[in-house]
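>>> Let's see this in three dimensions:
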Amino acid sequence: MPSLEEPERSRIELGAVLHALSDPTRLAVVRQIEADGERLCGALLVEVAKSTLSQHLRVLREAGITRTRACGNQRWVSLRRDDLDELFPGLLDVVLRAADRTADRMGERTAAAR
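Here you go, the predicted structure:
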């Protein structure tokens, strides 16, 4: 299986992180992983095609927000919280709290994020 491109901690850029978190689908993925821990990519609860989800996961991985590991023919995704907290203290917490407030207001909190 080919290696998955993922930046080293020192190469994670704020602009790429903010861009990746600006998309509602990617933000929903991050919220689910934050709530549940490492998840199978196919078990993420988002209403997009598999190919679209794959692209969103690629953006998150290449921005340095997530880490994807292959185990046989399955892929598991987890947050690189330690790296993000070291580089941008409090950023992920602020973004996730704001996303939770927005979802609460809109009545769209997923079961996984509760």
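>>> For this structure, which residue occupies the most central location?
In the chain, the C-alpha nearest the mean C-alpha coordinate belongs to Val30, at 3.2 Å (CA atoms, centre = their mean).
>>> Provide the contact partners of the one helix or strand that one maps to at residue level.
Using DSSP states H and E, the secondary-structure element containing Val30 is helix 24-36. Here helix 24-36 makes contact (CB atoms under 8 Å, 6 or more residues apart in numbering) with 20-21, 39, 44-46, 48, 52-53, 56-57, 59-60, 65-66, 77-79, 81, 92, 95-96, 99-100, 103, 110, 112-114. (Each C-beta comes from the backbone N, C-alpha and C, glycine too.)
>>> Kindly list the main-chain dihedrals of the residue lying closest to Glu62 once chain neighbours are set aside?
In space, Glu62 comes closest to Glu5 once its chain neighbours are excluded; the distance is 5.8 Å by CB to CB, 6 or more residues apart in numbering. The phi and psi values for Glu5, taken as degrees, to the nearest 10, are phi -70, psi 130.
>>> Now do Glu5, the pLDDT please.
What the model reports as pLDDT for Glu5 is 83.
>>> Okay, strands next: where are they in the chain?
The residue ranges that make up the strands of the chain, judged by DSSP state E, are 39-40, 66-71, 74-79.
>>> All the helices of this structure, residue numbers only.
14-21, 24-36, 50-63, 81-87, 91-106 (DSSP state H).
>>> Adding mean pLDDT, write these out as CSV.
Supplementary listing: the helices of the chain in CSV, determined by pLDDT from 0 to 100:
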stretch, mean pLDDT
helix 14-21, 97
helix 24-36, 94
helix 50-63, 95
helix 81-87, 97
helix 91-106, 86
